[in-house]
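Colleague: Sequence and predicted structure below; questions after.
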Amino acid sequence: AKKVADALQAIIEEPTPKLILFLHPKQKDGGWITGVDFEKYLKSEGLYDRTLSLEDEAVKSWLRESATYPEEYKGKGIFLWRSQQGSDGRRYVACLVWRGGKVVVGWSWLGSRWDGSNPVLLASS
């Protein structure tokens, strides 16, 4: 019972995973990649499972309290690959955008071009 209690306490005390803004190599130095190709890359490199969604606690907290949104994220479209929706046979990915002094959710078509201001938000591990 003590081992179980200690394990549960460790989970409670575990810090929130560090988040990183990730760019595909093609997005660097003024380049771009389509969302379709970016998604393929994330999956082939084993990064897709580290992407965030609108349901992650950090994201929900930013949407509730915009003052907690990291300064370095402002001016970028921060993509949340595990939040997707479809319409008219097209798929869209959620992104966080700083607009009007608050964080808002936008949606980008996978056929669009992602440039250096469109990173993916990843958990560090």
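Modeller: The structure has been received and is ready for your questions.
Colleague: Sketch out the helices for this structure, chain order is fine.
Modeller: Along the chain, the segments classed as helices by DSSP state H run 2-13, 35-44, 57-64.
Colleague: worst average pLDDT in those?
Modeller: With a mean of 54, helix 2-13 has the lowest mean pLDDT of those.
Colleague: Arg82: neighbour count?
Modeller: Close neighbours of Arg82, defined as other Cβ atoms under 10 Å, add up to 17. Every C-beta, even on glycine, is put in place using the N, C-alpha and C of the backbone.
Colleague: pretty sure it is touching Leu47, no?
Modeller: No. With contact defined as Cβ atoms under 8 Å, Arg82 does not count as touching Leu47 (11.4 Å).
Colleague: How much space separates the closest residue to Leu42 other than its chain neighbours from Ser124?
Modeller: Spatial nearest neighbour of Leu42, chain neighbours left out: Tyr48 (4.3 Å); criterion: Cβ to Cβ, 6 or more residues apart in numbering. As judged by Cβ to Cβ, to the nearest Å, Tyr48 and Ser124 stand 15 Å apart.
Colleague: Between the two, which has more neighbouring residues?
Modeller: Using other Cβ under 10 Å, the more surrounded residue of Tyr48 and Ser124 is Tyr48, with 16 against 8.
Colleague: Would you agree that one is in contact with Glu39?
Modeller: Yes. Shown here, Tyr48 and Glu39 form a contact pair, counting by Cβ under 8 Å, at 7.5 Å.
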